[in-house]
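# Next comes the sequence, and after it the predicted model I'd like to discuss.
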Amino acid sequence: MARSQRLRLSDLRRVFDLVGEVVEIGRDPTAWRTHALRGAVKLTGGRVGLSMDMCGTAPGQQPMLVDPLDVGWEGDEASRRRYYAYHESGEIREDPSAQAYFQQIQRTPLLSVLRGQLVDDQTWYASPTVSEARRSGNVDDFICSSCAIAPGALQGFILYRAWGAPYFEVRQRRLLRYFHLSLLRALRKSEALQHAPVELVDLPPRVEQTLELLLAGHSMKQVAYTLGLSPHTVNDYMKILYRRAGVNSRAELLGKYLGRGLYHRLLLPQPLMAVSHFMDQRGDSSVH
């Protein structure tokens, strides 16, 4: 019998815990990005994780990693150096998977894919960038997830398995996507929390947790599952939130809480923060 590729409740809770850990780390982009990478590798059973924070990914531009981070090569610095030499040489432009990814990200603001969805095995293993960079770096099949925060600027992760290891499956892609989406929402929400309306300060603990999950994009059903509550109890907490905020619906609540011009700001390294902030001022941000 084929193994189910659906996410389980335990997966959602692991993601919730990891996102909470990342947010608690604070505003240091190196610290939270490193912890997020380690957690994503563990979640998906990968070997190596790299940041995919990039500029210059629009057509006709030269892709460039911004403040690159990686985990998983500890004790194998030679493989790590060989991998990065490939990026520094500019040969990424000849990488068939990179070409396919950059084309798709122009059409999809948040893209999470398996390597096999970008390039078939024959093309992949015939590519010099695979034999010269990936194999020498002892990495092979991958999953990646990136968000287009502005034209030509991406924020995300790429997770590799060791050379010759089994391929990633659909379940791992779904898990990475759910983690990435939840993380982006939580980071934006953490900015908004610093400017919370006074009527939503000092809430009872469970009501506050309900609000935080709603702000992270969870449905009321997902809130109930995550907190181990009944839908009836969550509905009671929603009534408390509506009454305290002076609103009559979930949409009004989120609009009042997040509609303060800070929802698009992410805790990112420069120059991605500068690009994101500039596009926010123009109203062109791809993240909503």
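Nice, thanks for sending it over. Numbers count the residues shown, from 1 in each chain.
# contacts and neighbour counts: CA atoms only from here.
Will do.
# Where do the helices of this protein begin and end?
Under the criterion DSSP state H, the chain contains helices at 9-25, 29-44, 77-88, 96-105, 115-118, 121-126, 128-129, 170-193, 205-215, 220-227, 231-245, 250-258, 272-282.
# Of these, which is nearest residue 136?
Proximity to residue 136 (Cα to Cα) singles out helix 77-88 among those, at 6.0 Å.
# The residue most central in space within the chain and residue 213, how far apart?
The centroid of the chain falls nearest to residue 180 when counting by Cα atoms, centre = their mean (2.4 Å). Distance of residue 180 to residue 213, given as Cα to Cα, to the nearest Å: 15 Å.
# Over to residue 229?
Residue 229 sits at a distance of 13 Å from residue 213 (criterion: Cα to Cα).
# Which residues are in contact with each of these two?
Here residue 229 and residue 213 have residue 223 as joint contacts, going by Cα atoms under 8 Å, 6 or more residues apart in numbering.
# out of the two, which sits in the more crowded spot?
residue 213 (22 against 14; other Cα atoms under 10 Å).
# Find the nearest non-adjacent residue to the more buried one, please.
Sequence neighbours aside, residue 223 is the residue nearest to residue 213 in space, at 6.3 Å (criterion: Cα to Cα, 6 or more residues apart in numbering).
# how much space between that neighbour and residue 25?
Counting by Cα to Cα, the gap from residue 223 to residue 25 is 23 Å.
# which of the two has more neighbours?
Neighbours were tallied for residue 223 and for residue 25 using other Cα under 10 Å; the higher tally belongs to residue 223 (21 against 13).
# In contact with the more buried one, which residues are there?
By Cα under 8 Å, 6+ apart, the residues touching residue 223 are 210, 213, 214, 229, 234.
# Between which two of those is the distance greatest?
Across the contacts of residue 223 (Cα to Cα), the longest gap, 14.4 Å, separates 214 and 229.
# Check whether residue 168 really touches residue 144, as I assumed.
No. Applying Cα atoms under 8 Å, one finds residue 168 not in contact with residue 144, separated by 10.6 Å.
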